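Q: how would this look folded up:
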Amino acid sequence: MHAKDILIDGYGRIQEEVHAALDGLGPDELNHRPAPDANSLAWLVWHLTRVQDDHVADAFGLEQVWLSDGWEKRFGLDLPPRDHGYGHTAAKVAKVRVDSADLLTGYYDAVHEQTLGALKGLAAKDLERVVDEGWDPPVTLGVRLVSVLSDDLQHVGQAAYLRGLLQSAAA
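A: Numbering: from 1, shown residues only. You can find the predicted model right below:
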């Protein structure tokens, strides 16, 4: 198995978990925050998708799907166009509200397709290319892709946990 195949599998698992976390939820569940400073399911999935979109696009010299495919307009959030949620205060988290799980899964699926397209063209030597010199040591493409994978899995895990809390409270 090649490294790109492992990455493709890993990113495919994120997609499966995003769909599982959101399946059948309505606006009340998507936007529920279990505490005033907590994140909602909508924010968690929006954020993990924005991070993947932003970081993968940057690493491969692509446009963000958020902007190029009109997702920013479809979401209609009161946030800067390139915002991806890092450092959001409770007030900014509250601005990420959605009425439909389909909006979130649609955006995630579009980002996933762009990610897969980029990953399918990888050669092993590509993973050593430096994509961010702002760190010591500089970040390679391989490190960036694993970092995004890790961050996305953590956030989708939080979304799944929140879904479980909501379902337990409703039972």
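Q: residue contacts, L41?
A: A21, L22, L25, E29, L30, N31, H32, A159, L162, R163, L166 (C-beta atoms under 8 Å, 6 or more residues apart in numbering). Every residue, glycine included, has its C-beta placed from N, CA and C.
Q: try A94
A: R33.
Q: ok, it to V146 distance?
A: Applying C-beta to C-beta, to the nearest Å, the value for A94 to V146 is 31 Å.
Q: what's the biggest helix by length in the chain packed up against?
A: Using DSSP state H, we find that the single longest helix of the chain is helix 141-170. Counting by 3 or more C-beta pairs under 8 Å, 6 or more residues apart in numbering; DSSP states H and E, the packing neighbours recorded for helix 141-170 are helix 3-22, helix 41-60, strand 130-132.
Q: which parts of it are buried?
A: Neighbour counts over helix 141-170 (16 or more other C-beta atoms under 10 Å) mark 141-146, 148-149, 151-153, 155-156, 158-160, 162-163, 166 as buried.
Q: Equivalent analysis for stretch 91-102, please.
A: V93, V96, R97, V98, A101.
Q: Likewise for stretch 123-139?
A: D126, L127, V131, V139.
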